[in-house]
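Asks: Fold the following.
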Amino acid sequence: MPVVTDRANVPEFFARYQPMIDTALRSELARYASDIRTTQRYHMGWADKNGADIDATQGKRLRPAMVLLGADAVGGETRSVLPVATALEYVHNFSLIHDDIEDRDRFRHHRPTLWVVWGEETAIVSGNSMLKLADRSTRALCEIGVSLGVSLVAQQQIAQAYMRMIEGQYMDIAFEDRNTVSVDEYLSMIERKTGALIETSLYLGALVASNGNSNGRVPDGLRRAGYEFGRLFQIRDDILGVWGSDETGKPVCGDILNKKKSLPAIHALNSSTGKAAAQMREIYDREELDDRDVQSVLKIMDEAGTYEFCESMSAKHWAAASEIIDGLDIDERIRKDFFDLGEFLVERSS
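Replies: Got it, this is the predicted structure:
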C-alpha cells in the first residue's frame, strides 16, 4: 500500500503573512459581541471549550495567504486586502463547520469538532454567523481607501464564490447516493467546492491591491492559476484521505470508512473489473464499514493503480498552473513564491 510521506516545505511567504492575517482575523471576531463567539474561538484554535485562551493548531490559513500573495504580485499594499483575506477565511471556516456535521467528522486538527462539543444546532448557528462576519469584513474596504467600484466587485465576487462552494458541497453530498460518478463530474464538483475560494483569493488579492488600476492580465492570470491550484489542493486532500497518516488530524483511511466518493474511490469504482468491481460496489453499498472492508478497498485500489492515477492527475494540474505562472509579468521573487506554493500543494502531508 502506498504511504504518503512529507516531502513538502511550507512556503516562506506563509510565515511572512501570518502575523497580519492572525491579527486581522482576531480583530474581526473580537467585534462580535455574542456568546456564539466562544464556539468560534474554539473552532479557530484560539480557545478551549471553556473560552480560555490557548494556542492550538490553527490550520494553514491558505486562502488569506493567497490573497496577500496576489497583492504582492501586482506590487500593491498587502494591508489593503486584509478585509478580503479575512472574509475568505471566515467563509472557508463556515464551510468547515458545516462540512464536519455533514461528513460526521468528529476531529479536526486533533481536537473534537465544534458539533461534537456543542451539538449540531449550535454548530450550524456558529457556522452561519461566520458567513456574516465575512460579509461585514468586506464592507470595510471603502473605509481603507479602496474605490467603491472595486469594493462592490470584491463583495460580488466573494458572494459568487461562496455560492459556488455551496453548490459544490451539494454535489458532493449527492454523489454519496449514486453508484457511479465520473471523473469529469468529480472535477466539476471540486472546482466549485474547493476551487471557488482559492481562485477568488488570488484574483481579488491582485484586483483590490491595484485598486482596479492593473491592466487585468495579472489578476486574470492569477484566477486561472488559482483554478488549477484549487484542483491540486483537493486531489491531494483526497490522496491524504486514503493514504495519509494521522498528521492530517483525521482518522487514517477516513474517506474509505465514510464511503466518500473522493477521487480514489471514483477511480477504483470505475476502473476495477470482474470480482474486484463487484466487491467494491458491494462494500460501498453497506451501511457501515469496518477495518476489513478498508483493507479490501485498499487492495482493490492497489490492483487498479488508483494511487498512481491520482498522482498523475495532480501532476497534470500542477503542469498547467506552472505554465500560467511562467507567463505572468510579475517579480521573480513572487514567481518563486508561486512555485513554492504549487510544490507544497502537490507534496503536503497534512
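Asks: now residue 349: how far from residue 240?
Replies: Here residue 349 is placed at a distance of 7 Å from residue 240 (C-beta to C-beta, to the nearest Å). For glycine as for every other residue, the C-beta is placed from the backbone atoms N, C-alpha and C.
Asks: Who has more neighbours out of those two?
Replies: In this view residue 349 and residue 240 are compared by other C-beta atoms under 10 Å, and residue 240 has more residues nearby, 21 against 17.
Asks: Would you mind naming the helix or strand containing that one?
Replies: Using DSSP states H and E, residue 240 sits within helix 217-243.
Asks: Give me the mean pLDDT for that helix.
Replies: The pLDDT scores in helix 217-243 average 95.
Asks: any idea how far the nearest residue to residue 77 once chain neighbours are set aside lies from residue 152?
Replies: Nearest residue to residue 77 in three dimensions, chain neighbours excluded: residue 209, at 6.3 Å (C-beta to C-beta, 6 or more residues apart in numbering). Counting by C-beta to C-beta, the separation of residue 209 from residue 152 is 16 Å.
Asks: and the residue nearest to residue 77, what is it in contact with?
Replies: 70-72, 74-78, 80-81 (C-beta atoms under 8 Å, 6 or more residues apart in numbering).
Asks: Now do the contacts for residue 328.
Replies: Contact analysis of residue 328 by C-beta under 8 Å, 6+ apart lists 73, 217-218, 221-222, 225, 335, 338.
Asks: Between those, which sits nearest residue 281?
Replies: residue 225 (37.8 Å; C-beta to C-beta).
Asks: ok, that closest one - how many residues close by?
Replies: Number of residues near residue 225 (other C-beta under 10 Å) recorded here: 28.
Asks: Disregarding flanking residues, what is the spatial nearest neighbour of it?
Replies: In space, residue 225 is closest to residue 324, 4.5 Å off (C-beta to C-beta, 6+ apart).
Asks: Can you tell me which of the contacts of residue 209 are classed as buried?
Replies: 70-72, 74, 76, 78, 80-81 (16 or more other C-beta atoms under 10 Å).
Asks: low-confidence ranges in the stretch 101-250 of the chain?
Replies: Within the stretch 101-250 of the chain, the ranges that satisfy pLDDT under 70 run 215, 247-250.
Asks: could you pull out the strands for it?
Replies: Counting by DSSP state E, counting those that start in this stretch, the stretch 101-250 of the chain has these strands, from start to end: 107-108, 111-112.
Asks: out of these, deepest packed?
Replies: Greatest average neighbour count among those goes to strand 107-108 (a mean of 18), per mean count of other C-beta atoms under 10 Å.
Asks: strands paired with that one, and their directions?
Replies: strand 111-112 (antiparallel) (DSSP bridges).
Asks: one step back: any chance of the buried ones among the contacts of residue 209 in a markdown table with pLDDT and distance to residue 122 as columns?
Replies: A markdown table is the format used below for the buried ones among the contacts of residue 209 (pLDDT from 0 to 100; distance: C-beta to C-beta, whole Å):
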| residue | pLDDT | distance to residue 122 |
| --- | --- | --- |
| 70 | 97 | 35 |
| 71 | 97 | 36 |
| 72 | 97 | 39 |
| 74 | 95 | 41 |
| 76 | 93 | 39 |
| 78 | 93 | 35 |
| 80 | 94 | 35 |
| 81 | 97 | 32 |
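Asks: from the residues you listed, which is closest to residue 263?
Replies: Distance to residue 263 across the buried ones among the contacts of residue 209 (C-beta to C-beta) is lowest for residue 70, with 27.1 Å.
Asks: Against residue 88, how distant is the closest one?
Replies: In this structure, residue 70 and residue 88 are 11 Å apart, going by C-beta to C-beta.
Asks: Now do the shared contacts for the two.
Replies: In terms of C-beta under 8 Å, 6+ apart, residue 70 and residue 88 are both contacted by the residues 201, 204.
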